[in-house]
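Peer 1: coords please:
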Amino acid sequence: MAINEMSGLIPVTALYVGLHALLAVVLANFVLYARLRSGKIPAWQPDAALRVQANFIENVPIALLLLLVLEIQGASQLLLHGFGLSLFVLRLFHAFGLGTYPGANYPRLIGAQGTFVLIAVMAIGCLGSAF
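Peer 2: Below is the predicted model of the structure:
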């Protein structure tokens, strides 16, 4: 199949992969900024920025892979957009909570636990579409 024949096959996943890639770039730049800033302010540590980025890298690829499989399997676009947008918002909640408040807090909890629940729901959807 030529590339032109394949274009547009997974438009929903393409949208959310693009959005999450941009968010990954923003988070990576926060880490860079935090590292540069920590050299000037000894008491300031870049731990929160590093943890936000690491958690993003741990969870988002599997979620996007699940989204891709669901789209290939023919899930409704409305459902796919719901999953993709939910993932994006949950990752923003997590980044805001972990990067802004020390310790446990509601935005961080909602972002992290919401992401885990979303991944589990999408995984069950993938398993269901396999039979």
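Peer 1: Gly74: what secondary structure?
Peer 2: coil (DSSP: H, G, I helix; E, B strand; the rest coil).
Peer 1: Quick check: mean pLDDT of the helix ranked longest in the chain?
Peer 2: Secondary structure of the chain per DSSP state H: the longest helix is helix 11-40. Average pLDDT, helix 11-40: 90.
Peer 1: and if you look at stretch 101-121?
Peer 2: The model assigns stretch 101-121 a mean pLDDT of 94.
Peer 1: Tell me how far the most centrally placed residue in the chain lies from Gln53.
Peer 2: Taking Cα atoms, centre = their mean, the centroid of the chain lies closest to Val60, which sits 3.7 Å from it. For Val60, the distance to Gln53 (Cβ to Cβ, to the nearest Å) stands at 10 Å. Any C-beta I mention is one placed from the backbone N, CA and C, and that applies to glycine too.
Peer 1: so what's in contact with these two at the same time?
Peer 2: Ala24 (Cβ atoms under 8 Å, 6 or more residues apart in numbering).
Peer 1: ok, now which ones touch His81?
Peer 2: Contacts of His81 (Cβ under 8 Å, 6+ apart): Val12.
Peer 1: If we use 10 Å, what do you get?
Peer 2: Contact analysis of His81 by Cβ atoms under 10 Å, 6 or more residues apart in numbering lists 12, 15-16, 67.
Peer 1: how about those, which pair is most distant?
Peer 2: For those, the farthest-apart pair by Cβ to Cβ is Leu15 and Leu67; their separation is 10.0 Å.
Peer 1: those helices in this protein, which residues are they?
Peer 2: 3-6, 11-40, 47-72, 77-100, 106-129.
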